[in-house]
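*Asks:* After the sequence you'll find the predicted model.
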Amino acid sequence: MQPYLSSCDRCAQRCIKILVAELSRCHELRKDNIPQLTNAIRDEMIQLWTSEHFSSEERSIFRGFNEVEYTEELLKQHEASASIVLRCVQYTDKFSIRTN
């Protein structure tokens, strides 16, 4: 990043430093809120599972759901699993529209 900064004028350098600081602040905020973000995703997944009548077996495929050690990796797993569940729901919704 330093070579790039040295080639920029002062205004651009100041803007880049501000953006880097803001990005760092956002990463820290996300890190601080991992438990809340993870639990929000869990709540969303429970609603989807319930509304779409997912079985206990289907729900248990996501092993990290009941994990209590909140980490960035766990949050990423939840985001990925929620995305998969949402795609399944959207697919079945799309399919049921076509068959009706």
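*Replies:* Perfect, thanks for sending it.
*Asks:* going forward, measure contacts between C-alpha atoms and count neighbours the same way
*Replies:* Fine.
*Asks:* Could you grab the helix/strand/coil label for residue 61?
*Replies:* Each residue gets one of three states, and residue 61 gets coil by DSSP: H, G, I helix; E, B strand; the rest coil.
*Asks:* Please, which helix or strand holds residue 78?
*Replies:* helix 72-99 (DSSP states H and E).
*Asks:* mind listing what the residue nearest the centre of the chain touches?
*Replies:* Centre of the chain computed as the mean C-alpha position; nearest residue by CA atoms, centre = their mean is residue 79, 3.7 Å away. Residue 79 sits next to residue 41 when contact means CA atoms under 8 Å, 6 or more residues apart in numbering.
*Asks:* can you pull the pLDDT of it?
*Replies:* If you check residue 79, the pLDDT there is 95.
*Asks:* Over to residue 35?
*Replies:* Residue 35 is assigned 96 on the pLDDT scale.
*Asks:* Tell me how the chain divides into domains.
*Replies:* When the chain is parsed with automatic domain parsing, its domains come out as 1-32, 33-100.
*Asks:* among the ones you listed, which is the most enclosed?
*Replies:* Most buried of the domains of the chain, by mean neighbour count (mean count of other CA atoms under 10 Å): domain 33-100, with a mean of 14.
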